[in-house]
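> Quick check, what structure comes out for this input:
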Amino acid sequence: MSLRSDRDIEVRAADLDAAESLQSGRLLHIPEAGHYVIRDRFDAALTEIRTFLRQVDP
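Predicted coordinates for the structure are as follows:
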């Protein structure tokens, strides 16, 4: 799983292209987050991490 900061559409498109090579990964852009996603948007990041972990380890 990769958490990314809120970026413009061109960067998001490049991120999604790169993420397509991940067989079982997941890429998420967290709105209103800067470079330090977990520090900037802790609650949103933690929610996404927990959701991802429930999906891979039922």
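> going forward, measure contacts between C-alpha atoms and count neighbours the same way
Noted.
> Tell me the helices and strands packed up against the helix or strand hosting residue 53.
Assigned by DSSP states H and E, residue 53 belongs to helix 42-56. Packing contacts for helix 42-56, counted by 3 or more Cα pairs under 8 Å, 6 or more residues apart in numbering; DSSP states H and E, involve helix 37-40.
> check contacts around residue 38.
Residue 38 makes contact with 45, 46 under the criterion Cα atoms under 8 Å, 6 or more residues apart in numbering.
> Contact partners for the residue nearest to residue 2 when sequence neighbours are not counted?
Once flanking residues are discounted, residue 2 sits nearest to residue 27: 4.9 Å by Cα to Cα, 6 or more residues apart in numbering. Going by Cα under 8 Å, 6+ apart, residue 27 touches 1, 2, 3, 4, 15, 16, 19.
> Residue 30 - how many residues pack around it?
19 (other Cα atoms under 10 Å).
> and if you look at residue 5?
Around residue 5 there are 19 residues (other Cα under 10 Å).
> got it, and the one 5 residues further on?
For residue 10, the count of nearby residues is 9 (other Cα under 10 Å).
> now the strand or helix carrying it, how far from the chain's geometric center?
Assigned by DSSP H and E, residue 10 belongs to helix 9-19. Averaging C-alpha positions (Cα atoms, centre = their mean, to the nearest Å) puts helix 9-19 12 Å from its chain's average.
> May I see the buried residues of it?
Using 16 or more other Cα atoms under 10 Å as the test for burial, helix 9-19 gives 12, 15, 19.
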